[in-house]
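Colleague: When you get a sec, could you give me coordinates for this:
(chains A and B)
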Amino acid sequence: MSIDLGMPSLGTHGVPRLPQDAPAQTKKDFTSDQEVRWCPGCGDYAILAAVQGFLPTLGLKRENIVFISGIGCSSRFPYYLDTYGMHSIHGRAPAIATGLATSRDDLSVWVVTGDGDALSIGGNHLIHALRRNVNLKILLFNNRIYGLTKGQYSPTSQPGIITKSSPAGSVDGVFNPVSLALGAGATFVARTMDSDRKHLTATLEAAARHRGASFVEIYQNCPIFNDGAFQVLKDRDQAQARILHVNDKEQVRAGENHALVWGANGELQVVGTTGLDESRIIVHDAQADNPATAFAIAQLDGPDMAHVPMGIFRSVSKPTYDDQVRSQVAGAVAANGGPADDDDIAALLAGRDTWTVS
Amino acid sequence: MSVKQVQQLDRVIIRFAGDSGDGMQLTGDRFTSETAALGNDLSTLPNFPAEIRAPQGTLPGVSSFQLHFADHDVLTPGDGPDVLVAMNPAALKANLRDLRRGGTIIADSDQFSKRSLAKVGYSANPLEDGSLESWHVHSLPLTSVTVEALADFGLTRKEKERAKNMFALGLLSWLYSRPLEGTRAFLKSKFAKKPEVLEANLTALTAGYHYGETSEDFTVHFEVAPAPMAPGRYRNITGNVATAYGLVTAAHRSGLPLVLGSYPITPASDILHTLSNLKRYGVTTLQAEDEIAGAGIALGAAFAGALGVTSTSGPGLALKAEMIGLAVSVELPMVIIDVQRGGPSTGLPTKTEQADLLQAMYGRNGEAPVAIIAPSTPTDCFTMAMEAVRIATTYRTPVILLSDGYLANGSEPWRIPDVADLPAIDVQFATEPNAVAADGTPDFQPYLRDPQTLARPWAIPGTPGLEHRLGGIEKADGTGDISYDPDNHDKMTRLRADKIAGIEVPDLEVDDPSGSAELLVLGWGSTFGPISAAARQLRQSGLQVATTHLKYLNPMPANTGAVLRRYRRVLVPEMNMGQLSLLLRGTYLVDVHSYTAVRGQPFASAELVDVIGAQLGDLDAVAGLDDLDTSNGTPTSSNGVARDHAVASS
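Modeller: Have a look, this model is predicted:
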């Protein structure tokens, strides 16, 4: 029943663009009149600034961009952007965004969520949006704590963390969001950090370019309830050795002196590069159909943050859910000679078995 | 071949009963179709187990299909059958108590083996031990004659046996003079790719018909004349299909694409199935990961400017509650179909009940009023689904349509409406700023309301200049900015309530032929048929009773209070523990009398004849005691009325 509509390969395909001669948009165009009310020092400010700075570069009509969020500190995000938006209910943003993105092919739909919203109460919707490959850009602000409810542990909080709801230390297992997304079959998976504006912007660009579900985990500092959770990655000296840069077709390296290789035991190892045979250094293939290596790299992340992979773990092209749903409907409509008219509806209502009373 | 005697009947109720795998639903459907084609009025009641295939030959595995057809207007599928077709001992045992004395049993004697009898607790064969002497029993070897008729086919014995339902259908078609052409055409299309199975079924069908003609077991056959019906083109339709078609037609009339987000649940799934097949009409269906997502998809679609719909049953409505609350807050149109079933929890998934009324009314946090409407018959599901869309789009509100298992699976003839005659649904999206900002520039205020409907503008993404943010946090009146202002919250709460209360719905119509009835029977939803049938019967015995039916539960029609007060007593029968009664008492301070039953089956009209009769008797008794009469009626228990005061019913 479906017809080949020539499945688009660009994330923003179909979204109306500004005319060539229109004045360039600026950050100001994307700034709403609402007062931003995050705590002083919150990582969300940096992300908001990055997004407001980045959106104009897409060249899209502002009215065709929609941000959907759930509940939590991060989910206030849509209020501060002068686009269409909905601040919805806890965990359900991917479901609402799926309805929106499937109903309209001319919208750029973004989901803003947090570690509690996306991975705890909304875990189900997240994995299904990813496995369906809905053309959504999902930004998960991970601060490893519940902020809005004032400091309980989240699904990404470190084991043993002492919080109001875990006075003896949390005994919960921890989700690695990147591993989770890869496991759910996500076609675009990346990790970046609030404080690295350049990397954050580049990652958002790649996510926007991707046709399908883009999952971006953004490490974000909560200065009130989990301050310094990512401090070792922000300290320039320490970060050098800790952050493993994962980029398509590039060697996976940490700073100047460390790189990723397959060890003798068949497992990934970060080793010193002094005297290392360069050909042993793993060149990341984000476009590999099999996400096994990407998953293995994601698993290097541990509680001690000795090696934290950042970058684009996976970026593969697959048909999207919304494109296929629209294609089936458009195909059925076209096969029947265009949109239904009154006669078609009359034929539907009558069905095959009728009789007439005169 | 002798020509057998033909007897005219005015109405017949047949129940086909067999094992879940015996094809009784199909047999019933086909017989219904033949009956419809003949021009009888009819009403059907399928009844099947929650298990897909309960152990063969057991009581829980019995599946049945009841059909009431007549030469006059039919209001219900009938209380008990006149004719029971029992394909095995379990089917006989499970259904015998409903069969009226003097009725007919047609049983497949081949299936009454010792083992099968023992399985359902028969120590002796009821077909032979005289225990069925109150009924006419036709004990026929249906299985073996079917196999015999198919002797020339290269099918296994098991395959041949499977055609016995068609043999039974052929026999019943002869017995009640039904034409076979429709069923033949149906089989040809169903088994187009299996020519041998097709031939076997056609042969069994014809053999069954001839068996009736030739067997000495049957000396008489029957005719039921066509019912007088308004001129027009008719079809038979179930409530679920009518609901789906109502939605599609409303989408067409409003120019909105229909987007359904749904999670499979009995007895609502057929709405999802039906709509999934209607892509050609621009219908999009998304099978969601759960009930919440189904509602979320509908709301997302509504934000996008589509007609967002979600369909479910009671447990699903519970899960959708928070999303519906969000829809109340963001004031977007959304249609929620709840095909009610027995509860609580999983309850009776395949049986009917009306116990979600208060959940629909109040099952959300905060003050979260929504519109609630309920169809009264399977065909009314079409009209009320269109109404749901009209109200949702006009008032930008969630609308809950309360169907139920009885309406969903039951069917009746439907006069196919002329599409052009159906109400147009005029939907206007906002395209321009509607206010002026402090600095004098044009501004868009997403919560600036239409003074008439109190609806806020529906501004969809893609509309330049109207960018805005919706959300579940309280909105400032007009601007829609986040507001924690106490007075604003009070105002917004009242505005939302006023908007729902102000929805225009038609007045209650009272059926009171004598004009002097003192008792009003008020129903809602699927109790329309049994209440009307009971009232008709009582009026025929010279008693006076008024009836009315609430199709709009929130808001209720403007004249509801006046109607309630016009009668000395109001009786409210419901398939729950008195939910509408509670609402009526609380809203109108009229102490209605509640009659309730939650057996998973629709009311029998005879039962309501007794109940209404008892109320009439009680009113007569009370009338003698002037000083006990109060304007609000006499308080009584809400647990129903005594049945032993029942007047005689025919």
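
Colleague: CA only for contacts and neighbour counts going forward, please
Modeller: Fine.

Colleague: nearest spatial neighbour of the residue of the stretch 1-150 of chain B found nearest chain A, skipping sequence neighbours?
Modeller: Residue nearest to chain A within the stretch 1-150 of chain B (Cα to the nearest Cα): residue B:37, separated by 5.7 Å. Using Cα to Cα, 6 or more residues apart in numbering or on different chains and skipping residues adjacent in sequence, the residue nearest residue B:37 is residue A:355, 5.7 Å away.

Colleague: Let me see the mean pLDDT of the helix or strand that contains that neighbour.
Modeller: Here residue A:355 sits within strand A:354-357, counting by DSSP states H and E. The average of the pLDDT scores along strand A:354-357 is 88.

Colleague: So for that strand, what gets flagged as buried?
Modeller: A:354-355 (16 or more other Cα atoms under 10 Å in any protein chain shown).

Colleague: Wait, a strand at residue B:319?
Modeller: No - read with DSSP: H, G, I helix; E, B strand; the rest coil, residue B:319 is helix and lies in no strand.

Colleague: any idea how far residue B:366 is from it?
Modeller: Distance, residue B:319 to residue B:366, by Cα to Cα, to the nearest Å: 16 Å.

Colleague: for residue A:338, same thing?
Modeller: 45 Å.

Colleague: could you pull out the strands for the stretch 201-350 of chain A?
Modeller: Here the stretch 201-350 of chain A has its strands, by DSSP state E, counting those that start in this stretch, at A:214-219, A:243-246, A:253-254, A:258-262, A:268-272, A:308-315.

Colleague: Can you list the strands that the last one pairs with?
Modeller: The reference is to strand A:308-315. Strand A:308-315 has its sheet partners listed here by DSSP bridges as strand A:188-193 (antiparallel), strand A:243-246 (parallel).

Colleague: The first one too?
Modeller: Using DSSP bridges, strand A:214-219 pairs in its sheet with strand A:137-142 (parallel), strand A:188-193 (parallel).

Colleague: From chain A, how far out is the residue in chain B sticking out farthest from the centre?
Modeller: No residue in chain B sits farther from the centre than residue B:439, which is 56.2 Å out by Cα atoms, centre = their mean. Distance of residue B:439 to chain A, given as Cα to the nearest Cα, to the nearest Å: 13 Å.

Colleague: Please name the residues that touch the most centrally placed residue in chain B.
Modeller: By Cα atoms, centre = their mean, chain B has its centre lying nearest to residue B:407, at 1.0 Å. Contacts for residue B:407 (Cα atoms under 8 Å, 6 or more residues apart in numbering or on different chains) come out as B:238-240, B:376-378, B:381, B:526.

Colleague: Which pLDDT does the model give it?
Modeller: Predicted confidence (pLDDT) for residue B:407: 97.

Colleague: now do residue A:231
Modeller: In this model, residue A:231 is scored at 95, pLDDT.

Colleague: more neighbours, residue B:319 and residue B:366?
Modeller: residue B:319 (17 against 9; other Cα atoms under 10 Å in any protein chain shown).

Colleague: ok, residue 84 - how many residues close by?
Modeller: You didn't say which chain, so I picked chain A. That count, for residue A:84 with other Cα under 10 Å as the rule, works out to 27.

Colleague: ah, I was thinking of chain B
Modeller: Neighbours around residue B:84, by other Cα under 10 Å: 27.
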